[in-house]
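A.B. asks: sharing a model that was predicted from the sequence below.
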Amino acid sequence: MPPLPALALVMSRRAAYKHAMSTERSAPGLRLTRLDVRNFRGIDEISLDLRDAQGAAIDLVVLAGANGSGKTALLEAILLLLHRPEKLPRDAAPLREQIRFGAEALELRGEFRFQERDELVDFHTELRVAHDTPARSGNFLRAHGLEPQETLPGYGWSRDARFDANVEYFSARREPEALGEVVNPGGARSDVEAHRLRELKRRLISAYYRDLRAQARRAKPVTEAPANGGARAAQDDGPFARLQRLWERFNGAGQTLDVIPVSNDPGSGDEVVLRDDRPVPEDVTSLEMARRLAPARPDIPRMVPLDRLSSGQVSLLAFAGPLVFRDAPTDVLLIDEPEQHLHVQWQRLLIPALRELSPTTQILVATHSESILDSALSYERFILVEDEDPRAHLDDDGEEELLAATPPS
C-alpha cells in the first residue's frame, strides 16, 4: 500500500511537545475513545463508544463475532486512523479497492485522548477515500483537536507525517518463524512482523550488555556478572526480569533467560536462550561449545534459543516484546486472533498478563475464543452481529455491547 499523504494536527503546543518528548510514563498514554466506520470493506456502518460509565477511555477492548462480521476490518481501520498503513499485511489492497461494493466512499473517524501528567488532550482523525480520490496526492487523512487550539501543521508528527504514537499490530496471518541467531545486536530496527522475535532478542542483548557495563561501573564483583553469559545481567524491574516473570506465569519456575555467545568466533554474535536453573560452567564459553560438550558433561544446563521454542511459546514472547521495554512505551496494541497456537489455559491467562506487563497500553483484540472473551469485563466486550439479529437492537443494561455489522458482500 502506498504511504498516506501528510496530516495536520490541532492541539496545544505544550501538550503536543510533552507527548512527543516523553519516554517514561505511569499514566495512560494514547487512548482510542470512539470509532466510526462506514463503507469499509464489508462494513456498512458501525460505531463503537470505547468509554466507561464515567467517561474514561476503556483500557481493554475485546471484539467478538462470527467470521466476516468485521472484527479485523475494525482493527485495521484503527491502524489507518493512526497513520500506520505499513503495519497492515503486505498484500493489503489499495484503499480505493476497500470501499464497500456499491458505496461511493469509505469513511473512518477515530476519537483519541492522551494524558501526560496534568494534561488531557482530545483530538480526532478522519479518513475519507472515494473512487476518484488521487492515489498520490490530496490530504484525505486529517486530525483535528476537539477544543479550540492553535493549529500546528506537522507538529507532534514524525518526519513522515505520522503522529508520534507507538502502535503495534499482530495480524491473524502471522506465523512464527525460526529466525536464527542475532549476529549484529546493533542492527537497524524492523517493523515487519516476521522480524519481531529478532528485534526482541536484539534489544534483550543490548540490555544485557548495558547492565553489565552498569555493574562494572559500580565495581560489582566479576562473579556476579560472568562474561560468558553464565548469569543474566538484569535489574529487578528491567526487561529481563519482566519477561522472566511473564515466562514463569505461563510455564512455572525452573527456566532462566540468559545471553551467551553463539560461538568462540568474536564475530559470531550472541544468542538469547532459556536454560535450566543450573549455572553455565566457567569453561563453557559459547552455545556451540555447550552443545558439543553436553553429551559428556551433565553439569552443562540445557539451553534452548528463543526461536527454537514451540509456536505458542514464540507467540507469547512476540506479544510481550513491545511491552517489556519502557524506553518506548506502547500506546496501542492490536491483536487479531490472539488465541492462535495457545492452549486454552494460556488463552485465559494472556490478556491479564499483557495488561500487567504494560498497564499504560490500550489493548484491542479480535477473537473467536471464549477464554479470551471471559478474561474481559462485560463493558469491555463488543459482540458484532448482523443487523437482522434482534439482539442488535436491545439495550442490555450494562452487559457486553451488541453491535450491528454488515457481513462482506
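C.D. replies: Received the coordinates, thanks. These numbers come from a predicted model, not from an experiment.

A.B. asks: assign the residue lying closest to residue 363 once chain neighbours are set aside to helix, strand or coil.
C.D. replies: Leaving aside its chain neighbours, residue 363 sits nearest to residue 333 (4.8 Å; criterion: C-beta to C-beta, 6 or more residues apart in numbering). (Each C-beta comes from the backbone N, C-alpha and C, glycine too.) Look at residue 333: counting by DSSP: H, G, I helix; E, B strand; the rest coil, its state is strand.

A.B. asks: and residue 333, how far is that from residue 169?
C.D. replies: 8 Å (C-beta to C-beta, to the nearest Å).

A.B. asks: for residue 213, same thing?
C.D. replies: 34 Å.

A.B. asks: neighbour-wise, which of the two wins?
C.D. replies: residue 169 (23 against 11; other C-beta atoms under 10 Å).

A.B. asks: check contacts around the more buried one.
C.D. replies: By C-beta atoms under 8 Å, 6 or more residues apart in numbering, residue 169 lies in contact with 75, 76, 79, 84, 87, 88, 334, 335, 336.

A.B. asks: out of these, who's nearest residue 165?
C.D. replies: Nearest to residue 165, judged by C-beta to C-beta, of the contacts of residue 169 is residue 84 at 8.5 Å.

A.B. asks: excluding chain neighbours, what is closest to that closest one?
C.D. replies: Of all residues not flanking residue 84 in the chain, residue 167 sits nearest, at 5.1 Å (C-beta to C-beta, 6+ apart).

A.B. asks: I figured the one you found hits residue 85, correct?
C.D. replies: No. Counting by C-beta atoms under 8 Å, residue 167 sits too far from residue 85 to count as a contact (11.2 Å).

A.B. asks: who touches both of these two?
C.D. replies: residue 79.

A.B. asks: out of the two, which sits in the more crowded spot?
C.D. replies: Counted by other C-beta under 10 Å, residue 167 and residue 85 do not tie: residue 167 has more neighbours, with 21 against 17.

A.B. asks: could you chop the chain up by domain?
C.D. replies: Domain ranges of the chain: 9-166+328-404, 193-311, per automatic domain parsing.

A.B. asks: residue 173: which of those is closest?
C.D. replies: domain 9-166+328-404 (5.6 Å).

A.B. asks: tell me the mean pLDDT over the closest one?
C.D. replies: Mean per-residue pLDDT for domain 9-166+328-404: 77.

A.B. asks: same question, stretch 272-287
C.D. replies: The pLDDT scores in stretch 272-287 average 94.

A.B. asks: so which bits of that stretch are buried?
C.D. replies: Buried residues in stretch 272-287, counted by 16 or more other C-beta atoms under 10 Å: 272, 273, 274, 275, 280, 281, 284, 285, 286, 287.

A.B. asks: what's it in contact with?
C.D. replies: Where contact means C-beta under 8 Å, 6+ apart, the residues beyond stretch 272-287 that reach it are 182, 200-201, 204-205, 226, 228-231, 247, 253-264, 268, 271, 290, 293, 297, 299-306, 309.

A.B. asks: now a PyMOL select for only the buried ones of the residues you listed.
C.D. replies: In PyMOL, selecting the buried portion of these, with burial taken from 16+ other C-beta under 10 Å, looks like this:
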select buried, resi 182+200+201+204+205+228+229+230+247+255+256+257+258+259+260+261+262+263+271+290+300+301+303+305+306+309
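
A.B. asks: ok, residue 36 - contacts?
C.D. replies: 46, 47, 48, 107, 108, 109, 110.

A.B. asks: residue 67: neighbour count?
C.D. replies: Neighbours of residue 67 using other C-beta under 10 Å come to 9.

A.B. asks: distance check, it against residue 368.
C.D. replies: According to C-beta to C-beta, residue 67 and residue 368 sit 8 Å apart.

A.B. asks: okay, residue 122 and residue 50: tell me how far apart.
C.D. replies: Residue 122 sits at a distance of 13 Å from residue 50 (criterion: C-beta to C-beta).

A.B. asks: please enumerate the shared neighbours of those two.
C.D. replies: Common neighbours of residue 122 and residue 50 (C-beta under 8 Å, 6+ apart) are residue 33.

A.B. asks: who has more neighbours, these two?
C.D. replies: Higher neighbour count among residue 122 and residue 50: residue 50, with 24 against 15, using other C-beta under 10 Å.

A.B. asks: surely that one touches residue 58?
C.D. replies: Yes. Residue 50 is in contact with residue 58 according to C-beta under 8 Å; the separation is 4.9 Å.

A.B. asks: can you lay out the buried residues of stretch 272-287 as TSV showing secondary structure and distance to residue 362?
C.D. replies: Output for these, formatted as TSV (DSSP: H, G, I helix; E, B strand; the rest coil; distance: C-beta to C-beta, whole Å):
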residue	secondary structure	distance to residue 362
272	strand	28
273	strand	33
274	strand	30
275	strand	35
280	coil	40
281	coil	46
284	coil	44
285	coil	44
286	coil	42
287	helix	38
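
A.B. asks: which of those lies closest to residue 343?
C.D. replies: Nearest member of these to residue 343, counting by C-beta to C-beta, is residue 274, at 18.0 Å.

A.B. asks: residues near residue 59, how many?
C.D. replies: Counted by other C-beta under 10 Å, the residues lying close to residue 59 total 17.
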